[in-house]
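K.L.:
No letters, just coordinates:
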């Protein structure tokens with residue numbers, strides 16, 4: 001992501017993070033850049049294709065709980081559906097850990113499965129960690145959007 005002096009501070013909620021949320025058009029969100037114009041795109045593989053993704057191209061900090069100092073994010077990707085609305089979010093914390101599962105449970109309640117929460121807004125939040133890659137990803141999607149679940153994926157190459 002592009003460097004700047006101060007990161008943008010956003011709060012995690014049921015639809016995403018701040019103004020970057022499921023059901024919005026990424027072109028209407030300051031800082032969102034089409035994936036194909038993103039300078040770091042060669043470090044990532046996206047499915048189904050890059051034309052369906054946007055990247056938040058500014059420094060960003062995310063708060064989870066009320067008295068939270070926040071965590072820095074290294075990357076934030078938004079997948080869009082054929083109508084141009086965000087249907088999938090992939091949020092990469094700068095450093096793995098920080099007791100994220102516990103903190104997400106404090107915000108979203110008890111998980112329905114291991115590191116998987118379903119909200120009253122019919123959204124699903126997942127927390128995936130990879131010890132081998134030292135990588136953590138928080139994902140958002142509408143619960144009944146099976147296309148977003150099945151076809152949309154971001155991975156580091």
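P.N.:
That came through, no problem. Computed from a predicted model, the values in this text were never measured in an experiment.
K.L.:
so for stretch 49-56, what's the average pLDDT?
P.N.:
In this model, stretch 49-56 carries a mean pLDDT of 96.
K.L.:
tell me the average confidence for the top helix by length along the chain?
P.N.:
Counting residues, the longest helix found in the chain (DSSP state H) is helix 100-108. Averaged over helix 100-108, pLDDT sits at 90.
K.L.:
buried ones in that helix?
P.N.:
Residues of helix 100-108 classed as buried: 100, 103, 104, 107, 108 (neighbour count, 16 or more other Cβ atoms under 10 Å). From N, CA and C alone the C-beta is placed, and that goes for glycine too.
K.L.:
Which elements pack onto that helix?
P.N.:
Contacts defined by 3 or more Cβ pairs under 8 Å, 6 or more residues apart in numbering; DSSP states H and E place helix 100-108 against strand 116-118, strand 123-130, strand 135-142.
K.L.:
what do you get if the cut-off is 10 Å, keeping everything else the same?
P.N.:
If you count contacts as 3 or more Cβ pairs under 10 Å, 6 or more residues apart in numbering; DSSP states H and E, helix 100-108 packs onto strand 8-13, strand 116-118, strand 123-130, strand 135-142.
K.L.:
quick one, which of those strands is nearest to residue 156?
P.N.:
Across these, residue 156 has its closest neighbour in strand 135-142 (6.5 Å, Cβ to Cβ).
K.L.:
ok and the closest one relative to helix 100-108, angle-wise?
P.N.:
For strand 135-142 against helix 100-108, the angle by axes from the mean of the first three to the mean of the last three Cα atoms, to 10 degrees is 30 degrees.
K.L.:
Looking at the helix or strand that strand 135-142 is followed by now, give me its mean pLDDT.
P.N.:
For strand 135-142, the following helix or strand on the C-terminal side (DSSP states H and E) is helix 146-151. For helix 146-151, mean pLDDT is 94.
K.L.:
Tell me which residues of the following helix or strand past helix 146-151 come out buried.
P.N.:
Sequence-wise, the next helix or strand downstream of helix 146-151 (DSSP H and E) is strand 153-156. Within strand 153-156, the residues that count as buried by 16+ other Cβ under 10 Å are 153, 154.
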